[in-house]
Every structure is written in structure tokens, then in C-alpha cells.
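[1] Here is a sequence together with a model predicted from it:
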Protein chains: 2
Amino acid sequence: MGTAANAGLSKRMQKTRLSITRTARSLTAELGYNGFTIEQLCEKVGISRRTFFNYFPGKLDAIFGHSSDDIPEGAIDRFIAARPAGITGISPTLLADTVALVLEQLTFDEQAIVSSHGIFLVAHKEPELLQRMMQVGPKKEAEFLDLLADREGVAPDHPLLGVLLHAMRYSTMKAIDRFVANAGARSLAEEFMTSLEAAQELFSQPLLHTQP
Amino acid sequence: MGTAANAGLSKRMQKTRLSITRTARSLTAELGYNGFTIEQLCEKVGISRRTFFNYFPGKLDAIFGHSSDDIPEGAIDRFIAARPAGITGISPTLLADTVALVLEQLTFDEQAIVSSHGIFLVAHKEPELLQRMMQVGPKKEAEFLDLLADREGVAPDHPLLGVLLHAMRYSTMKAIDRFVANAGARSLAEEFMTSLEAAQELFSQPLLHTQP
């Protein structure tokens, strides 16, 4: 994702695009999807309406943002390179490598992550957001599954990859919830690890009363 | 849930209520939420409009159904009784006890589970369903968390309970997906165990590159 998607885009343009999305997200969290206009968004970012439409076709697109703006540059490349050489199938470091990738994102811009989360909290009252979310979420997840499958050399529907993706999503969502509820007393990264440590403890228990 | 919620309701009435919900779900999956009327639903179930309104205030309620219709009688009581005596905090059999509870539901009525899942597949096109789902889902989950917390004698926000709930939800959803995709080649219960076994394998890996 990262590098290729940003090819040809200057640092200044990347910054503007990111600023549009962050402002759109915080306005949505504050006022709701129908609580502000593109004009008001532009005024707050300090750009013209025309500039806005150079970056995004509409308000909803601005809120959801560009996929490469959520992840630090090079993080994906480092994740792919981390797979140990000379093995077949699931890497013994897959969990640790994926956790490291998510931790990079969580420490990249804590405030942006929390503000974008505000959208989820208002989404149930906003059909436009909800419907887009139901489309964008699965699409992003399918992309990440493809990345995992490529790295591991297994099919994207490998059960372990689905579980991994889901564990990362759950732990991230939960971390943001707790971070907001505790007013940032612990970092997002620490809150994230809490769920994963709990998962490790839970799955050290037997699955069935009579194990085979 | 089970027993108390059904107190005072005859077997015949429970059967009618369940039949309304199942029919409403399969009509929704087939025709969409706005693709059928309450009258058509009543005709298919073989009841009058008046009888319908004795059970549910509206079409959406009929689709979502009564919470105690999804679970075999006594299953919750057995789950509570299964906690080993003389321990404090999380039971060493919590995972196995919860898996047993979910397996009871999955084998209770495979076809009903699969048909109700059809709703999820059309929900992204149906704002009414989507919004209710966003309300009902978290409410049911909060009830289940309370049940877990009661049994274990810990707070409902204990990280391990959240992870457990989520693992059960994910594995159930995934099981239904695979069951439908494979035309029932393996049972729902087998598909369910596939995800849990994958989770156990995944979390046997270290979480961090340098474990403390």
C-alpha cells in the first residue's frame, strides 16, 4: 500500500490530504455527518472548494480518507521483509510481526486514531456513514488478508489469517475504547497489548472438556 | 435468559413465536426487508394479523425475534453450574464451558441459524435492518458479558471476557459463512471449531519479538 499509492504525490499534497481527512473526521464526530458542509470543512482546513475536489470526490470520501494515510511509510515493506527465510507455511513470528506492524500504526499518530474513532460512535445514527463503513471495512480487511496470504504463501481463507486479522481489529477497537474511557491514562499501545495478553491467557485453556 | 423469559408462555405459543421469526427471517433473506408485508408473513405462518401483534409489535421485531428462542432450554443454567467450585477469578474451564454452550446452540437448529444469517448478507442494503442490528448486537453482547462476569465473579469489563465473547462471535459468524459456502459439507460445529483451533495455534506464538 504505502509507497506505491503515494507515488507522484508531493509531501505538501500528502499533508493537505491528511489534514482534510482529519478535520472531516473530527467535524463528523462533533457535529454528525449532516452537521457541516464541505465549505465549512474547507474553511477549517484553509483550502478552497476547488482544492478539496482535487483530493476527494465528496464529503464521505474525505471522512474515510486515503488508505495510505493511516500507516507510516515503509511499515508494510518492513512487515513483509520480517518473514523468516527458509520456512513453508505460517511463520513462527507471524503474530509478533503483525503486532509490531499494528503497534507502529498505533504509535504513529495517537490523536488522529482517536478522533477518527469518534466516527464509529456516531455512525449508528448516520445511515450514510454506516453504509459506507459496511463497504469500506470488508474491503480494507480483504486487502490486509491478501497481504498476509502473500507473505505466508497460503490461501487468503486460511483460518489462522482470519483469526489474526480479527484479533488485531478487536484489540485495536477495544484499545481505543479504553484509551478514551481512561482519558489516555495508558497509551493506546498498552491498551492494545492488554487484549492480546488476555487472548493468549484464554487460549492457553483447553477448547473442549475432553481434549483428543 | 431462557427459562425466566419463557415463564407463562405455553409450548404452543413458543412454537408460534419461533415460527413467526423464522419465516420473517427467511422472507427477509429472500425478498429484502421491504420485499414483503406483515400480511404475507402471517399468511405464510398461518396466523391472523391480530395473532401476529400478540407476539411482536412490528415486522422488524419479528425478524430479530425473542432472545430466548435462539438457545436450547436449560443451556444457560448448565453453563452457570459448570464453573468448578472453590476457585477465585477466571475458571480454568471457562473456554471449554463456553465452547460447549455455543456448540449446544449451533447443533440446536442448524437450519434456523443459517437462515437467520441470510439477514446479515442483505443488511448492508437495508438501512432499517442495519440500524436495528447496531442496537441489538451490542445489547445481546452486554447481556452475555454480564452472565460471564456473574459466573466468574469478575467485572464485566475484564479483558479476558471481552476476548472470549469476541472469539465466540467471530468463530460463529465464520462457521456460518463456511457452512454456507461449502453447502454444509462439514457441520456448523466442525466449522466453528476450525476457527478456535486456529486461534489456539496463533496465540501459542509469542506476542512480541522480545518476550519479557
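    Received the coordinates, thanks. None of these values were measured; they are calculated from a predicted model. Numbers count the residues shown, from 1 in each chain, chains lettered A, B, ... in the order given.

[2] Domain map for chain A?
    A:1-70, A:72-206 (automatic domain parsing).

[3] quick one: which of those is nearest residue B:131?
    Each of the domains of chain A has some distance to residue B:131 by Cβ to Cβ; the shortest is domain A:72-206, at 6.5 Å. In this view, the C-beta of every residue, glycine as well, is placed from N, C-alpha and C.

[4] and the closest one, does that touch chain B?
    Yes. Using Cβ under 8 Å from any Cβ of the partner chain, domain A:72-206 reaches chain B at A:90, A:92-97, A:99-100, A:123-124, A:127, A:130-131, A:134-135, A:159-160, A:162-164, A:166-167, A:170, A:174, A:193-206.

[5] Could you turn the buried ones of those into a PyMOL selection?
    In PyMOL syntax, the buried subset of the residues of domain A:72-206 next to chain B is picked out as below (16 or more other Cβ atoms under 10 Å in any protein chain shown):
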select buried, chain A and resi 90+93+94+95+96+97+99+100+123+124+130+131+159+160+162+163+164+166+167+170+174+193+194+195+196+197+198+199+200+202+203+205
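
[6] Which members of the residues of domain A:72-206 next to chain B are positioned in helices?
    Counted as lying in helices by DSSP state H, out of those, are A:94-97, A:99-100, A:123, A:127, A:130-131, A:134-135, A:159-160, A:162-164, A:166-167, A:170, A:174, A:193-202.

[7] give me every residue that touches residue A:78.
    Contacts of residue A:78 were listed using Cβ atoms under 8 Å, 6 or more residues apart in numbering or on different chains, and they are residue A:101.

[8] Next, the buried residues of the host helix or strand of it.
    Using DSSP states H and E, residue A:78 sits in helix A:75-81. Residues A:75-76, A:79 are the ones in helix A:75-81 that count as buried (16+ other Cβ under 10 Å).

[9] Could you tell me how far that helix lies from the centre of the chain?
    Relative to its chain's centre, helix A:75-81 lies at 16 Å (Cα atoms, centre = their mean, to the nearest Å).

[10] Next secondary structure element downstream of the helix or strand of chain A with the lowest mean pLDDT?
    The weakest-scoring helix or strand in chain A, judged by mean pLDDT, DSSP states H and E, is helix A:2-6 (a mean of 46). Of the helices and strands lying after helix A:2-6 in sequence (DSSP H and E), the nearest is helix A:11-31.

[11] Check which helices and strands that following helix sits against.
    Here helix A:11-31 touches helix A:38-45, helix A:49-55, helix A:59-64, helix A:110-123, going by 3 or more Cβ pairs under 8 Å, 6 or more residues apart in numbering or on different chains; DSSP states H and E.

[12] Alpha carbons of stretch A:102-115, as CSV, please.
    Extracted C-alpha coordinates of stretch A:102-115, given in CSV (Å, rounded to 0.1, in the frame of the first residue of the first chain):
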residue,chain,number,x,y,z
VAL,A,102,-0.1,-2.6,14.4
LEU,A,103,1.9,-1.0,17.2
GLU,A,104,3.7,1.1,14.6
GLN,A,105,0.3,2.4,13.4
LEU,A,106,-1.0,2.9,17.0
THR,A,107,2.1,5.0,18.0
PHE,A,108,2.2,6.8,14.6
ASP,A,109,-0.5,9.3,15.5
GLU,A,110,-2.5,8.5,18.6
GLN,A,111,-4.7,11.6,18.4
ALA,A,112,-5.7,11.0,14.7
ILE,A,113,-6.7,7.4,15.6
VAL,A,114,-8.8,8.5,18.5
SER,A,115,-10.5,11.3,16.5
